[in-house]
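Participant: Quick one, fold the following:
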Amino acid sequence: MKVYFDNAATTRLDQEVLEAMLPLMTEQFGNPSSIHGHGRAVRSAIERARKSVAGLLNAAPAEIFFTSGGTEADNTAIRCSIETFGLTHAITSPVEHHAVLHTLQHLHKHGQIQLSLVRLDEKGSVDMEHLEELLRANPRSLVSLMHGNNEIGNLLDLDAVGALCEQYDAIFHSDTVQTMGHYAHDVQQLKTHFIVGAAHKFHGPKGVGFLYVRPGTRIEPFVHGGSQERNMRGGTENVYGIVGLAKALEIAYRDMESHRQHILSLKEYMIGQLRQHIEGVTFNGRSAEPDQSLYTVLSVSLPPSDLNDMLLFNLDIAGISVSGGSACSSGTDVGSHVLGALGIAAERGNIRFSFGKYNTREEVDYAITTLADLYKKEGVLK
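Facilitator: Down below sits the predicted model:
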């Protein structure tokens, strides 16, 4: 049996999305910057996609800028807001995605900003009192805090953080890669200046994403070399990726409630089965708290065992694809900075199960049985 429980890393392309992309790969091949008919047809496809994405977010089309993915969108928001507005201080957390954390650490190292890390509670949630202390001492900062943590699933209260940022005249960027397409975002209600999306996290193609920029928050370009994206990002557009992104987001919003119910039921079922069959299992962060975490992510901490060093390898042999932490660093020997920040014991085995709309209860049963059998062979379980 082949089971894919790594949807926080990437998702399977939806057939409807592929069908929307195919004409842009074959028949409509013009350069969207060209003024002839072939080019104009493709330009129209891009602008229809922009209008679609904007409509789903309750934004204006002029507020949506297409990028190569979430990492570029995060870098654009961070680097360009610091440069454009002359910001000298930034606030983030130690459990951010590396697209944010490494970018800010680089700018700090090279003297472009001073960087403060907000404290977390024992489960990895932002200490709001400390965030306000940092803002009170450093008004007009850049605050970059992710909406949903890609490893432990913790959700941030965007409204509360946005209100604090507004009070202290701060610029608020939130990495919404893990929540885009899974939660409804209404930018008229949010107090964020920037949010982002990556199509491959919601059953769209890889290599394409977008940045939302709040009106009045005009920033300088990140990529120079052309007038594309209204002079905000040089380079010929990834046309079929953009069309695929818009279609995938449209499907995600159309089916959001039914998918949420299905995926949440799988997550809750797996929590119950793990507690029943794996003695000593615990859950990292707030991932086992449905109202406080992504319904798509479950971060599991397994009992100490010699098996744990080879746990992901053994699951892979059994046909089960999961992650041991952040998938963006998979293939390296570096431990998870998120689990390290939470003080998770190194001898425990840690798995991130992340669910999608194509997963089934039978796949959960197979994963639980496989895990239990592995620990029984090691003598950890009876």
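
Participant: just the strands in the stretch 251-382 of the chain please.
Facilitator: 282-283, 297-302, 320-321, 349-354 (DSSP state E, counting those that start in this stretch).

Participant: Would you point out the helix or strand in the chain whose mean pLDDT is lowest?
Facilitator: Sorting the helices and strands of the chain by mean pLDDT, DSSP states H and E puts helix 337-341 at the bottom, at a mean of 89.

Participant: Would you mind listing the buried residues in that one?
Facilitator: The neighbour-count check on helix 337-341 (16 or more other Cβ atoms under 10 Å) flags H337, V338, L339, A341 as buried. Every residue, glycine included, has its C-beta placed from N, CA and C.

Participant: Can you show me the CA trace of stretch 193-213 as CSV?
Facilitator: What follows is stretch 193-213, C-alpha atoms only, in CSV (Å, rounded to 0.1, in the frame of the first residue of the first chain):
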residue,chain,number,x,y,z
HIS,A,193,0.1,44.5,5.1
PHE,A,194,1.3,41.3,3.4
ILE,A,195,0.1,37.8,3.1
VAL,A,196,1.3,35.1,0.7
GLY,A,197,0.4,31.9,-1.1
ALA,A,198,2.0,28.9,-2.8
ALA,A,199,-0.1,27.0,-5.3
HIS,A,200,1.4,23.6,-4.6
LYS,A,201,0.2,23.7,-1.0
PHE,A,202,-3.5,23.6,-2.2
HIS,A,203,-3.3,21.1,-5.1
GLY,A,204,-1.9,23.5,-7.7
PRO,A,205,1.4,23.5,-9.6
LYS,A,206,4.8,23.9,-8.1
GLY,A,207,6.9,27.0,-8.8
VAL,A,208,4.2,29.7,-8.6
GLY,A,209,2.8,31.8,-5.7
PHE,A,210,1.6,35.3,-5.0
LEU,A,211,2.0,38.2,-2.7
TYR,A,212,-0.9,40.4,-1.5
VAL,A,213,0.1,44.0,-0.7
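
Participant: Going by neighbour count, list what's buried in that stretch.
Facilitator: By 16+ other Cβ under 10 Å, the buried positions in stretch 193-213 come out as 193-206, 208-213.

Participant: what mean pLDDT does it have?
Facilitator: Across stretch 193-213, the average pLDDT comes to 98.

Participant: Break this protein into its domains for me.
Facilitator: In terms of domains, the chain is parsed into 3-11+255-377, 15-254 (source: automatic domain parsing).
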